[in-house]
Every structure is written in structure tokens, then in C-alpha cells.
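A.B. asks: could you work out the structure for the sequence below:
(chains A and B)
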There are 2 protein chains.
Amino acid sequence: MQPGDDVARLLLAALDRAGLTLRDGDVIAIAQKIVSKAEGRLVALAGVEPGDEAQRLAAQVGNDPRLMELILRESEAVSRLRQGVIIVRHRLGFTSANAGIDRSNVGPGGGDEVLLLPLDPDVSARRIREVIMGETGAAVGVVITDSHGRPFRLGTVGVAIGVAGLPALWDRRGESDRYGYRLQHTDVGVADEIAAAAGLLMGQAAEGLPAVLLRGLHLPPADGRAADLIRPKELDLYR
Amino acid sequence: MQPGDDVARLLLAALDRAGLTLRDGDVIAIAQKIVSKAEGRLVALAGVEPGDEAQRLAAQVGNDPRLMELILRESEAVSRLRQGVIIVRHRLGFTSANAGIDRSNVGPGGGDEVLLLPLDPDVSARRIREVIMGETGAAVGVVITDSHGRPFRLGTVGVAIGVAGLPALWDRRGESDRYGYRLQHTDVGVADEIAAAAGLLMGQAAEGLPAVLLRGLHLPPADGRAADLIRPKELDLYR
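C.D. replies: Next up, the predicted model:
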């Protein structure tokens, strides 16, 4: 994947090579890395000039000040610092380590280049979906995925950072369960479950797969956004 | 599913009816509800005597004092309260609303009976796995799943509360990526990703499926526990 590449058309070519024909209701999960690369979000650290705050925080964290500068540019607020790690509130609303900036699998330059998240992954998902629907006629969903650490639980899991053509949150309040008892407060984070399922297959190392096709999910029609998954602070009793 | 039922043998019978033969490496995700029911964890609220603290907290939250009594018995600490919801640290280590006590799909009694989590879901998973391996000879993994809300993000997602025969956390630190750059701090919460993937298919309402078979995951051999997924407070920069 190179800057300017067309993710949707490359996916369609790969599906074609695999002999797969897209169907209505299929969901394509796409690793953030290939979307970011196609959108030219690879940054050479050598060209980054760290400001004062980046230098100060980098000294605290023990990080590269140029990387810290990029983290700060991608963030709304710094949440926590520790040796080697900075947790921020990303400009896209979620809380993540190092603002989701990635040094692995970014290219042969290894640690000298880093990859920022897409500028607006919900828009990226929408664009990819439109091309795929235009070419195939299939009403597919698209989820752009990333791996995040999380509070309370160890281990990264796949989460949705871009969504188009499916519900991100599936509101099941008011539906009855099999015994007729009304379900209470059951919003399912269905786009995150899709991202986690895709994460199982994508892996993260040498065998990494950039995209996963999910078929047979039977989701209700909806056009959600990954932004729907961000919990407003005033509704967050879990923190 | 009734108290005393044998979850493993009922699953084997269902696999048999579906014409499926288990293979080494298969993972069976099982909804907590059926394990809890089989273990007799259904409680009639009519028989619960709320203590002083339960009465006081129930008045604050606007909850049934008998339900509150059960929540407190299942918890180590109360984290947050709000109208209709109490967030606790469960005796099993995770943070959840209402201590994971469920009023939906528990039986024809509806809201008059509630379902507690298994006493030790890691042990439950191990027992189920042993019966399945004894009967089939297949080295399978077992994940007992529940749906949890979470900080920062809206929507419930499937999480692992019991694990046997697979890694709960997959430590990929030190492995190289496809460009030879060493992955940093990449522990993957693989049992949670399995639970989320299964959650996509299980649904939560009338069409709910109690178990999902995952095949082709190629996980490394390991014998993890859901307890491995609990992030110690001192390692939690995300809160």
C-alpha cells in the first residue's frame, strides 16, 4: 500500500483473485494501517520539529521528542504519563496510548517512520464503501479497525475507528427476550465486536492480514459512525 | 438448561445433531447464562433478605433492595452509583454494572428471578473442557462469555469471564513485524476478541444462541485463565 493507492479498488481486486463475490449485508473490516498509508499519513520522524511541550513530556516519558510532538498534534488532552507510554484523548474522541501512532509494520524504514491514524476514519469508511457499492452493487458495510489497550482489562482488542453502512451501536432496548422480559439498557457495540472478530484473524505480526470479510451477520439496516461509540464523559460511570 | 444439567454433554449432543466433529484447536464460546443456570445460580428475589447497606444503596440507585443485596454479595467494592445503575468491582476482579447479575433470558419467571455469574468461571471452563476432551479426544479451548459495558466507549461487548485450553492474553512482544521491526508492548486480549466475535452471533434477544464454535484460529498452545485479563490497578494508566 502506497500513498495515493485506492484501498477500495485494491480490496476488490483481492476479492476477485480469491473468487469472492460481495453480497448485500457483507461487512469488510479493514486494518487502519492500510487506510492510513493510502491516505499518506506516514511521517518521517527526521522531518518533525518538536516544540517545548513535546520536549518536556518526552523527557518525562522517555520517548522520542519528535514522536511526542506528533502525539500531541493528534490529541485533545493528555490523560496520563508513565515510562514509555502516554495516554491521551485523541482528537477523534477515544482514549488511547500514543494517540494510536504506530511504529510497527509501517514500512522498511522501521522505527524512523511512524503512521498516524486517518484524518477522519468515518469519512474514509464512507468513501471506501461508496466505491465498493458503485463497482459491485452490493450494500456492504465497512469497518476500519485499530487495536487499543483499555482500562480494567489487560491486552489490546480490535476496536472500530471508522464505520459506514451498518450500526456502530445496536440499540436493543425495548426488545423482548425469549421469555418476554424486556431487555434493559442493551446497546450492543456491534462495530467494536466486528473489529475484535476481525482482529482475531488479522493478527499483528508477520502473518498480518489487512482485511477480513464477515458474512452472515444479519445486522439491521443503519448508517452508523465510529463516533457513535465514544461515551460522553457525563455518561461514563465506569471510569 | 436446568440446575444440574451437564453443559459439556448438552453441547456435545448439539454438535452431534449439527453433524459437527470437534477438532484440535477448535474453540467453543459458551454464554455465561447457560453455565450459570446449570450451576444452579438462579436466585428467586422473594427469598432474599436485604441488609441495611443494600436498603440504603437501593434507595439511592432506585433499585430493588433484594437485587442490591445480591449485587453486594457478589462484589468486592462499590465503584459508582447512579439512577438505575451500580458499578462494582466484582469478586472475580472485573468492573461491571450490577455485578453481572442478569434479569433477561433467565426463565419464564422474568424479573422475579435473577441469575448470578458462575462461582468460578475459569474452573467451569476447565471442567467443561475436560469432559469434551475426554469424550472426543479433541484438544479444544473453552471461553465462557458475558456482555460488559466499558469506560470511554458506549455499547456492551462480549468479554471472556472463563477460559481454558487457550491463551487469554497472547504475548507478542519481541516478535518481529513483516519489516523486521520489533513489536512493542503487544499483548493481545485474544480471549476477549473470541468472546466479542461470539457475541456477534449469540445476539441477546429472542434469537440468542448459547454457544458458538470457532474454527481455524491457529492460537499458540497455552492454558490461560480469564483472571489473566484483569489489569492490576497499579498497571492501569487508562482509568
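
A.B. asks: double-check that A:Ala191 belongs to a helix.
C.D. replies: Yes: counting by DSSP: H, G, I helix; E, B strand; the rest coil, A:Ala191 is part of a helix.

A.B. asks: may I have the residues that are in contact with it?
C.D. replies: The contact partners of A:Ala191, taken as C-beta atoms under 8 Å, 6 or more residues apart in numbering or on different chains, are A:143, A:160, A:163, A:166-169, A:224, A:226, A:229. In short, each C-beta sits where N, CA and C put it, glycine included.

A.B. asks: rerun that using 6 Å as the cut-off
C.D. replies: A:143, A:160, A:163, A:168 (C-beta atoms under 6 Å, 6 or more residues apart in numbering or on different chains).

A.B. asks: can you tell me how far it sits from A:Leu214?
C.D. replies: 11 Å (C-beta to C-beta, to the nearest Å).

A.B. asks: so which of the contacts of A:Ala191 is the most crowded?
C.D. replies: Of all the contacts of A:Ala191, A:Ala160 has the most neighbours under the rule other C-beta atoms under 10 Å in any protein chain shown, reaching 34 neighbours.

A.B. asks: quick check, the helix or strand of chain A with the lowest mean pLDDT touching chain B?
C.D. replies: None of the helices or strands of chain A scores lower by mean pLDDT, DSSP states H and E than strand A:170-171, at a mean of 87. No: Strand A:170-171 stays clear of chain B (C-beta under 6 Å from any C-beta of the partner chain), getting no nearer than 7.6 Å.

A.B. asks: pull the distance from that strand to the chain's centre.
C.D. replies: 20 Å (C-alpha atoms, centre = their mean, to the nearest Å).

A.B. asks: what is the mean pLDDT for the helix or strand following it?
C.D. replies: Following strand A:170-171 in sequence order, the next helix or strand is strand A:187-188 (DSSP states H and E). The average of the pLDDT scores along strand A:187-188 is 91.

A.B. asks: then stretch A:41-49?
C.D. replies: On average, stretch A:41-49 scores 94.

A.B. asks: the helix or strand in which A:Ile28 is found pairs with which strands?
C.D. replies: In this assignment (DSSP H and E), A:Ile28 forms part of strand A:27-31. Paired neighbours of strand A:27-31 in the sheet (DSSP bridges): strand A:141-148 (parallel), strand A:211-214 (antiparallel).

A.B. asks: how about residues contacting the helix or strand containing A:Val163?
C.D. replies: Assigned by DSSP H and E, A:Val163 belongs to strand A:157-164. Under the criterion C-beta under 6 Å, 6+ apart, residues A:32, A:121-122, A:124-126, A:129, A:142-148, A:191-192, A:195-196, A:198-199, A:224-226, B:189, B:192-193 lie in contact with strand A:157-164.

A.B. asks: pull up the pairing partners for it, direction included.
C.D. replies: By DSSP bridges, strand A:157-164 pairs with strand A:141-148 (antiparallel).

A.B. asks: buried set for the longest helix that chain A contains?
C.D. replies: The helix spanning the most residues in chain A, taking DSSP state H as the definition, is helix A:121-136. Going by neighbour count (16 or more other C-beta atoms under 10 Å in any protein chain shown), the buried part of helix A:121-136 is A:121-122, A:124-129, A:132-133, A:136.

A.B. asks: any idea of the angle it forms with strand A:157-164?
C.D. replies: For helix A:121-136 against strand A:157-164, the angle by axes from the mean of the first three to the mean of the last three C-alpha atoms, to 10 degrees is 60 degrees.

A.B. asks: ok, A:Ala54 - contacts?
C.D. replies: Here A:Ala54 is in contact with A:65, A:68-69, A:72 (criterion: C-beta under 6 Å, 6+ apart).

A.B. asks: go again with 10 Å.
C.D. replies: A:48, A:63-73 (C-beta atoms under 10 Å, 6 or more residues apart in numbering or on different chains).

A.B. asks: lowest pLDDT pick from those?
C.D. replies: Within these, pLDDT is lowest for A:Asn63, at 87.

A.B. asks: what's the neighbour count on that one?
C.D. replies: Neighbours of A:Asn63 using other C-beta under 10 Å come to 19.
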